[in-house]
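Peer 1: Starting from these lines, generate the structure:
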Amino acid sequence: MKKIIFVVNTMGRAGAETALLELLKALRHPDYELFLYVIMGQGEMIRHLPSHVKLLNDRFSEQSVLSQKGKRVMMKTVCRAFFKNGGYAGKLRGICRNASEMRRAGRLQTDKLLWRMLSDGAQRFDDTFDLAVAYLEGASAYYVADHVKARKKAAFIHIDYAGAGYTRAMDQGCWERFDRIFGVSDEVKEHFLRVYPEYEEKTGVFHNIVDQEAIRRRAGEAGGFQDDYDGMRLLTVGRLTRQKAYDIAIDAMKILKDRGYRARWYVLGEGDQRRALEKKIHALGLDEDFLLPGAADNPFPYYRQTDLYVHATRFEGKSIAIQEAQTLGCAVIASDCNGNREQIRNGQDGILCGLSPQAIADSIGSLLEDEEKRKRIGQEAAEKSTTQGQELQMLLELLEQGG
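Peer 2: Below is the predicted model of the structure:
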């Protein structure tokens with residue numbers, strides 16, 4: 001039996017973790033023994049781990065990494081990682097080095113500052129695996145490269161690598177130790193190779209696996225909007241982070257309100273920007289127009305009930321939320337940025353627009369006024385299909401090469 005370990009940073013509610021769960025489901029086979037190790041040992045999505053996958057963490061918290069209680073758990077994990085496995089001076093030097101890199105880049109990012117230290121302070125295993133997969137960049141990639149014994153190693157990239165703040169200095173040559181590197185889209189691959197052109201031959205594309213039938217089935221379950229609002233509903237699903245550009249979306253909603261549109265914008269998600277966004281919403285008088293009801297265990301009834309899905313982000317890898325919205329026949333408006341443009345044929349199965357309040361408001365307004373166009377775009381989107389056979393085969397071929 002072949003032993004495969006997947007490593008991920010957290011199991012919080014996000015697109016990459018959702019895609020990982022679908023991949024683990026698809027890999028169910030009597031010839032494979034699957035393991036999961038979560039660097040932070042935390043995240044509510046662990047509840048959905050398939051029964052045939054063994055969790056290797058000796059301790060795990062189901063607290064959301066975005067909740068206040070969850071943040072306290074994370075702080076304890078960080079402290080334990082610093083003192084575990086020794087090498088305190090090296091860990092401290094690494095943190096200082098990463099901080100210096102980020103200052104030069106003009107943006108300090110706490111998670112990336114600590115990824116190397118968390119990797120070095122994580123659990124170690126004596127087993128030798130047939131295949132080790134780092135399913136996210138950052139700590140999981142560093143951990144698999146440095147601390148996992150495996151006959152073959154693969155890694156997944158989910159973001160615009162340099163745009164997200166990663167540098168060669170931070171990585172310390174980790175990518176050399178992988179046999180295959182997969183971007184989740186053509187653009188993700190292209191951006192990674194701009195940083196690491198020497199790895200072109202071992203870098204490919206592995207599209208996220210999306211179970212469209214399960215999405216359609218769950219969309220028919222109870223749930224969705226609980227208010228009695230009778231105007232047009234706009235929906236966005238995603239974490240409340242800077243990447244998702246909700247600050248710009250709020251300004252766009254203000255423009256729509258001033259123009260007299262009867263519309264309400266709902267955002268399903270949690271994140272570190274909640275307080276700042278709530279403050280801005282209140283300052284602009286949008287308390288009843290731009291709502292942050294939190295994350296939903298089953299967001300699919302919301303997609304089914306919405307009039308328009310909006311995904312105006314600063315950058316993306318490949319958005320699971322867009323794929324879900326299109327699967328359920330939503331008319332989608334997305335910012336014309338990395339990742340989004342690869343998923344939308346502009347004017348056919350979605351609309352691409354500039355990332356400004358005016359451009360977003362104009363695009364939303366035009367579709368709210370044109371029901372026929374909304375339906376046509378939604379129908380085109382619903383007819384798109386996803387496949388997984390080719391992607392799985394790439395991973396299994398690497399597994400077989402491990403001997």
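Peer 1: I'd guessed residue 352 sits against residue 340; true?
Peer 2: Yes: using Cβ atoms under 8 Å, residue 352 is in contact with residue 340, at 6.8 Å. In this view, the C-beta of every residue, glycine as well, is placed from N, C-alpha and C.
Peer 1: Next, show the common contact partners of the two.
Peer 2: residue 334 (Cβ atoms under 8 Å, 6 or more residues apart in numbering).
Peer 1: Neighbour count for these two, which is higher?
Peer 2: Counted by other Cβ atoms under 10 Å, residue 352 and residue 340 do not tie: residue 340 has more neighbours, with 25 against 19.
Peer 1: quick one: the strands in the stretch 101-250 of the chain?
Peer 2: Ranges of strands in the stretch 101-250 of the chain, per DSSP state E, counting those that start in this stretch, are 128-134, 149-157, 180-183, 203-205, 232-237.
Peer 1: Out of those strands, the one nearest residue 356 is which?
Peer 2: Closest to residue 356 of these is strand 232-237 (Cβ to Cβ; 16.5 Å).
Peer 1: helices and strands around that closest one, which ones?
Peer 2: The elements that strand 232-237 packs onto, with contact taken as 3 or more Cβ pairs under 8 Å, 6 or more residues apart in numbering; DSSP states H and E, are helix 246-258, strand 263-268, helix 300-305, strand 308-311, helix 320-327.
Peer 1: For residue 358, find the nearest of the ones you listed.
Peer 2: Closest approach to residue 358 among the helices and strands packed on strand 232-237 (Cβ to Cβ): helix 246-258, 6.7 Å.
Peer 1: buried stuff in that closest one?
Peer 2: Using 16 or more other Cβ atoms under 10 Å as the burial criterion, the residues of helix 246-258 that qualify are 246, 248, 249, 250, 251, 252, 253, 254, 255, 256, 257.
Peer 1: got the CA positions of it in PDB?
Peer 2: Output in PDB follows, covering the C-alpha atoms of helix 246-258 (Å, rounded to 0.1, in the frame of the first residue of the first chain):
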ATOM      1  CA  TYR A 246     -14.200  44.900   0.500                       C
ATOM      2  CA  ASP A 247     -13.100  48.500   1.200                       C
ATOM      3  CA  ILE A 248     -13.600  49.200  -2.500                       C
ATOM      4  CA  ALA A 249     -16.800  47.200  -2.600                       C
ATOM      5  CA  ILE A 250     -18.300  49.300   0.200                       C
ATOM      6  CA  ASP A 251     -17.600  52.400  -1.800                       C
ATOM      7  CA  ALA A 252     -19.200  50.800  -4.800                       C
ATOM      8  CA  MET A 253     -22.300  50.100  -2.800                       C
ATOM      9  CA  LYS A 254     -22.400  53.700  -1.700                       C
ATOM     10  CA  ILE A 255     -22.500  54.800  -5.300                       C
ATOM     11  CA  LEU A 256     -25.300  52.300  -6.100                       C
ATOM     12  CA  LYS A 257     -27.400  53.600  -3.200                       C
ATOM     13  CA  ASP A 258     -26.900  57.200  -4.200                       C
END
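Peer 1: when you compare where it runs with where strand 232-237 runs, what's the angle?
Peer 2: 180 degrees (axes from the mean of the first three to the mean of the last three Cα atoms, to 10 degrees).
Peer 1: Need the contact partners of helix 246-258.
Peer 2: Counting by Cβ under 8 Å, 6+ apart, 234, 236, 240, 263, 265, 267, 273, 276-277, 280-281, 284, 286, 289-290, 310, 312, 355-358, 360-361, 364-365 sit against helix 246-258.
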